[in-house]
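> sequence first, then the predicted structure:
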Amino acid sequence: MEERRQHSRHSIELQLEVFDLHTGQRLGRVADFSADGFMLFSDKPHQADTLVECRLVSEQVIDGVCEVKLNADCLWSRPGADGQHCWAGFHIVDLEQDQAAALDVLLKHL
């Protein structure tokens, strides 16, 4: 498979939960993370080729940052080995300049 990432992904020790920006519904937990996107571990499958407006919420405040609001495109979704969870890959497609700075703060603490 061709590697298309421009930034390396990092496994994270920081717990980041993802929520739909409009409904507040929990979408899952971030499993790995980069400036370009993230892999999500979830209780329900996500639809590939779907744009999601979401909040990445940190369990702890880091340098004044506890969440990042962004738009992400679901590139793929696969069931987990246990049949009860799923994995999904998201590409960050849009975030405001202040949110990009907040994302950088979180990335520096991985």
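Cool, got the structure. Numbering: from 1, shown residues only.

> and Asp98, helix, strand or coil?
Classification of Asp98 using DSSP: H, G, I helix; E, B strand; the rest coil returns helix.

> and for Gly89?
strand.

> please name the residues that touch Gln15.
By Cβ atoms under 8 Å, 6 or more residues apart in numbering, Gln15 lies in contact with Arg29, Ser58, Glu59. Every residue, glycine included, has its C-beta placed from N, CA and C.

> please repeat the previous calculation with a cut-off of 7 Å.
Shown in contact with Gln15 (Cβ atoms under 7 Å, 6 or more residues apart in numbering): Arg29, Glu59.

> now it: how far from Gln60?
In this view, Gln15 and Gln60 are 8 Å apart by Cβ to Cβ, to the nearest Å.

> bridged to the residue nearest the centre of the chain, which residues?
The residue lying closest to the centre of the chain (Cα atoms, centre = their mean) is Phe38, at 4.2 Å. Counting by DSSP bridges, Phe38 forms beta bridges with Phe33, Phe90.

> that one and His46, how far apart?
12 Å.

> lowest-confidence helix or strand of this protein?
For the chain, using mean pLDDT, DSSP states H and E, the weakest element among its helices and strands is strand 10-11, scoring a mean of 48.

> average model confidence for the helix or strand following it?
Toward the C-terminus, strand 10-11 is succeeded by strand 16-20 as the next helix or strand (DSSP states H and E). Strand 16-20 shows a mean pLDDT of 96.

> tell me the strands beside strand 16-20, with direction?
Strand 16-20 is paired, per DSSP bridges, with strand 26-33 (antiparallel), strand 50-62 (antiparallel).

> need the ones you listed in a markdown table with mean pLDDT, can you?
What follows is the strands paired with strand 16-20, written out as a markdown table (pLDDT from 0 to 100):
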| stretch | mean pLDDT |
| --- | --- |
| strand 26-33 | 94 |
| strand 50-62 | 94 |
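
> before I go, just wanted to say thanks for your time.
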